[in-house]
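**Student:** Prediction below, plus the sequence it came from.
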Amino acid sequence: MVERLLVDLRDDGLVQVSSWPTGEQYPRPAGDPVELVWPLSDEDLTDLRWYLERYLRLPTAVYGERGARVAAALPHWGEQVFAAVFGSGPARDAYVAARARNGPLEIALLSKSAEQLGRPWELMVAPGSPVPVALDGVAISRTLQNTGMADVFDVPGSRLRVLMVISRPGGTADVGYQMIARPLLRRLEAVRGSVELVVLRPPTLERLGEVLAEAREAGEPFQVVHFDGHGVFGQASGAGAGAGTGWGSVMYQSPGPQGMLAFEKPGGGSDLVEAGRVAQVLAGAKVPVVVLNACQSAQVGSELEAAVATRLLAGGCASVVAMAYSVYAVAAAEFMTAFYERLFAGDRVADAVTAGRVQLTLNDKRPSMKGMLPLADWMVPVLYTRSEARFSHLRTTRSPEQSVGDILTRIREESEAGPERGGQGRDLEPVGEFVGRDADFYTLDVAARLQHVVVVHGPGGTGKTELAKAFGRWWRDTGGVDAPDWVFWHSFEPGVASFGLDGVVNAIGERLFDARFALLDNSERQKVIEEVLAARRLLLIWDNFESVREMPDPGRATPPLSQPEQDRMRGFLTRVAAGGGESAVLITSRTPESWLGPDLRRIELAGLGAEDATAYAHQLLAPYPSAQPQRQTPAFADLMRWLDGHPLSMRLTLPHLDTTTAQHLLNGLQGTAALPAADGNGNRHTSLSASIAYSFTHLSPADQEALTVLSLFNGVADANALVAFSTEQGAPERFRDRTGPQWMEVLLRAANLGLLMPMHSASAMFRLHPALPAHLAAHWRTRTPDTYATERAAAVRALVSAHAAFGGWLDGQATGGNAQLAFALIGQQRRMLGSMLGLALDHGLWLDAQLIFQPLDKYWDAQGLTEEAGSWADRARLAVESDDGTPPGLGTPAGALWLYTTGSQAGQERVRKQLDRAESTYRTMLHALEEQPRNPHYLSRLGAVYHQLGLVAHDRGRLTEAEDWFRRSLAVKEKLVDPPGLAISYRDLGLATSYHHLGSLARDRGRLTEAEDWCRRSLAIGERLNNLPGMASNYHQLGIVAQDRGRLTEAEGWYRKSVAIKESLNDLPGLVVSYHHLGVVAQLREHLEEAEDWYRRSLTINENIGNRSGMADSFHQLGVAAQLRGHLGEAEEWYRQSLTIKEGHNNLPGMAVTFGQLGLLAEERGDAALALTWTVRCVSLFEEIPHPSTVPGPSHLTRFTRQLGMKSLEETWQAVTGHPLPAAVREYVLTHQDTTSDSDNGENTS
């Protein structure tokens, strides 16, 4: 028997702890209910989610510091959560008494609220304990109040059957997609009994019901259903679905937004199903345990997991094990293995969950860029239960003396292949350990099921063969084929005897049939095999298929198939694809095999994603501890970016870190140094040079010579850049005067051979094989040893010059052309542009450097990439400044570059609200400019600096000073004349910028007619020049003016026009502001759910780009929405989070808004004295009264003073500021009327 402590999280905000010792019929209350004050702020919870889900993606620099800080805070947070529940009175005494009895203990949390149950209660740490309660032998469960706690029941079955539902109907674009089932399969041998894992195919709700029913009727029911997919908040169908209730306490049972699980439709596509309907299917099949790994916690935290889990409980499911946050697949597999092991030992589900958590602490290392690092993700699995289950009938197959932890350690160190099964075991055995590719697995699984014939193509070394092997093992082990040995591997590697279709057919027939199959003629054999493929489920894997036709053996040892044999092969595949059966053929090739016809599915395989590449790097470097220091260097990150997740390149390159540096390897791959000699031996599967050479030799000598210029490219080659390069006078003769079509033909021929990968259809850009530049450099050097160094230097200069011209074009497009195209191109060629910028700086090509820097700077700004922008600005300034920091002469190209990059640096400081530093930087620029002659060139820069100083003053709330700077800037700009021949009027762009900010300033002063006039003048210029960013800013500002006038429909229209442009540009900082103001409009309309949704969307972007200032604005508005709902405690938490950031940035206007709102909150709570204190803090930030940034604070100050008396104001002012009440303030409150109303919404439009 288990002793329980029941924690009743009541609707009235109180918590009641009851003790239920073993053997007693009813629980006993431990004292009276007390107020439950949740101790963790939303910022704490945001940090916790970031730590669990994102920290190890980039655990370097400030992110490493943040991760360490959060990890160190966990015990303190746990103590706070424990104190909030148990306090220091009778409830705590009940906990101490229960622990003293030394029996099994469970803390059961009861609530009607999914929101309450979704909090991270597992964090709890008892006073004086070195470990959390959940890791100290105490089970923690969650239960719905209205379902109660039922008795323990026995689950039938001697073996454990798990049905895995893997559904990603929207594809695998979600970042970091991981499949739990694959690492789980490897670990199941650690369980002491038989665990059969079956994947539901297709993952439809109807098929789920059929499979569960069939298994139950056959006497082999599934005891566990594991959802590995997506959960969402969706709108329930049926009556009453119109009025949503938001994320409230009845989310799991209300109409409106509720937890839903994503299934697929039979022919593909998303089918969102309410969790209640899923629960009916599961309850009908009497499935006792559901595992839920289906929530996008980045959207709304653990509320979604709680909403889905509680719906499943309410629908009749006995126990739900849910992952409250995104979890590493290997961690989930470790947890599930220990969980299943304890079920075989006869433990309750709650105790099995506890054992799984312990296993996660014993093996707490997770992959990261810096190697395996500890992560406290033991808290991620949580248990929801309505009735306890035991699996006492499971039959064990090994001795319990063997430690599951020891077995898991051995399995982690072994290859994935496992024991050979049937005749294809050796064929499917991996070379090393297969890592990652979960998204590709899912894509392949769906394509093979729906389209039957799939060609996986890509450059040599991308891992096509290993993916095919792993996919074969996957279908073999999860019920994808009718029998484990019905996965048929066939290699078309040159030199293999059974090369054509007859060889394939015979190999299948020999395994499936007896000797009579050999008596049939070829056509009869083929017919029999096609009938089997149509009637049963088989998987055929054809590897290295390029040698059949497109890339025959260069040595001619195996000639390509004859035309009649090619026709037979094509006809066979066409019939399999169109036959309507359930078998599949998976083909790997370096080419798309277009000759097979259009009806086959083609999947282009690129390199590993960032997280998979990190995991693979760890696996490759594990045997080389001497390489570990290299992983900490910046050069290693650059090396990983260059390798681009290319498996063969990684496998053959990274182990050399044992004896050389990351920088040396990077230089070798870039063709500027020799790669380690060991790579020169081997075949195309074991040598980078041989792999490239196999494709390279299929090119003509002319194409080979032209391609050598790609040795200078980084990541991406662009035909348009090559055309510009060819026209440069300094370009080597061999590359001169080639046209665009000629370059495209060469690149396409290289792509068809797998040396390049087109970025997308009809694109002039191609992704480079990471080993190609080194191979091309060696080829170039070998062909022209005497002139190579001179030619390469000339080519570098010409290529930098070509990209400078490209940069100038991009800058013009970003400013007054097709900005969407410009930003898309920059995003795709960011590595190459960065490489060219670095070369320009290294070679002193200052003008070229500025032309490349300018569009990159606009892109960094739009993407919120402040760290990258700052790093490049620092590098540029170091390149042009003297050793003592003296800038170059401003009349030189170096001086022009210094002015631009220094201005960029100051702009980033302003964005980060480092206003003192920004002003100092701008004044440094101003001092340097004022010493220059007053010609138009310098006057334009002077006007720009005046304007930026105005922005800094505006940010500080110094409106008079800001207007002075803006008007000085405008006066300079009005005198300028554009040089002839410019496609864009930079004078007009400057005027438009001044008009816009003068409008913003007028709006802040309440002069709305003037504000609108300035904005429309700015907009007219922007529309004439097609300056999309400027148009978006003016649309937004006109929305604010309309909002201030109470014209909400008009305001929403302007905001949405702004959003349309910003979304097309992927302007993340701009979208933050627009989403924020769309939330304000919804709030003013009293559509609070819609407002919260906009604020959360804004907050999510702010978190992702690290915009703390924007986060503060979102926190404030979420507080306003909570206050309008009457959730005053929640509102105060939001305000205080906002205030923490604003005070850290010394953001006086923002502080004024939040101080004022806290005053209104205190008034609503009936605390007039506190309301006065907050209002004084608001008004006293500025000497001027009323200051525009403090409105409506002065009016509230008048009202509170009249309520409490002048003496209270005098005392409060002295206490807050340390100074007597100023005469101007006294006069204001005595002479002005309170102009505020009860409807004041406290909006923050900063």
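**Tutor:** That came through, no problem. Numbering: from 1, shown residues only.
**Student:** Report pLDDT for residue 45.
**Tutor:** With respect to pLDDT, residue 45 scores 86.
**Student:** now the helices for the stretch 601-750 of the chain?
**Tutor:** In the stretch 601-750 of the chain, helices defined by DSSP state H, counting those that start in this stretch lie at 610-621, 628-631, 634-643, 647-653, 662-669, 688-696, 701-707, 719-727, 740-752, listed in chain order.
**Student:** Need the contact partners of the fourth one.
**Tutor:** Counting contacts by C-beta atoms under 8 Å, 6 or more residues apart in numbering, the residues outside helix 647-653 that touch it are 432, 460-463, 466, 607-608, 613, 616-617, 620, 639, 643, 665, 669, 675, 679, 685-688, 691, 769-771. Where you see a C-beta, it was placed from the backbone N, CA and C, and this is true even at glycine.
**Student:** on that earlier part again, which among the helices of the stretch 601-750 of the chain is found nearest to residue 579?
**Tutor:** Comparison of the helices of the stretch 601-750 of the chain against residue 579 by C-beta to C-beta identifies helix 740-752 as nearest, at 29.6 Å.
**Student:** Now do the buried residues in stretch 35-46.
**Tutor:** Within stretch 35-46, the residues scored as buried using 16 or more other C-beta atoms under 10 Å are 36, 38, 40, 42, 43, 44, 45, 46.
**Student:** ok, so of these, who is nearest residue 855?
**Tutor:** residue 46 (33.2 Å).
**Student:** Grab the nearest non-local neighbour of the closest one.
**Tutor:** residue 1103 (6.5 Å; C-beta to C-beta, 6 or more residues apart in numbering).
**Student:** Test my guess that that neighbour contacts residue 50.
**Tutor:** Yes. Under the criterion of C-beta atoms under 8 Å, residue 1103 makes contact with residue 50 at 7.4 Å.
**Student:** Show the subsequent helix or strand relative to the worst-scoring helix or strand of the chain on mean pLDDT.
**Tutor:** In the chain, the helix or strand scored least confidently by mean pLDDT, DSSP states H and E is helix 297-300, which has a mean of 38. With elements assigned by DSSP states H and E, the helix or strand that comes after helix 297-300 is helix 303-314.
**Student:** next one: whatever helix or strand comes next after that following helix to chain centre, how far?
**Tutor:** Where DSSP H and E defines the elements, the next helix or strand beyond helix 303-314 is strand 319-323. Strand 319-323 has its C-alpha centroid displaced from the chain centroid by 24 Å (C-alpha atoms, centre = their mean, to the nearest Å).
**Student:** Report the inter-axis angle for strand 319-323 versus helix 303-314.
**Tutor:** 170 degrees (axes from the mean of the first three to the mean of the last three C-alpha atoms, to 10 degrees).
**Student:** Tell me the strands beside strand 319-323, with direction?
**Tutor:** Looking at strand 319-323 with DSSP bridges, its partner strands are strand 289-295 (parallel), strand 381-385 (antiparallel).
**Student:** and the longest helix for this protein?
**Tutor:** helix 788-816 (DSSP state H).
**Student:** Extract the CA atoms of the helix or strand following it and return them as CSV.
**Tutor:** Sequence order places helix 819-828 as the next helix or strand after helix 788-816, per DSSP H and E. Written as CSV, here are the backbone C-alpha positions of helix 819-828 (Å, rounded to 0.1, in the frame of the first residue of the first chain):
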residue,chain,number,x,y,z
ALA,A,819,13.5,44.3,-50.4
GLN,A,820,11.9,40.9,-50.0
LEU,A,821,14.1,39.5,-52.8
ALA,A,822,17.1,41.3,-51.3
PHE,A,823,16.7,39.8,-47.8
ALA,A,824,16.0,36.4,-49.2
LEU,A,825,19.2,36.5,-51.3
ILE,A,826,21.2,37.7,-48.4
GLY,A,827,19.8,35.0,-46.1
GLN,A,828,20.9,32.3,-48.7
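**Student:** domain parsing for the chain?
**Tutor:** Split into domains by automatic domain parsing, the chain comes to 3-150, 448-456+464-604, 610-680, 708-863, 1147-1246.
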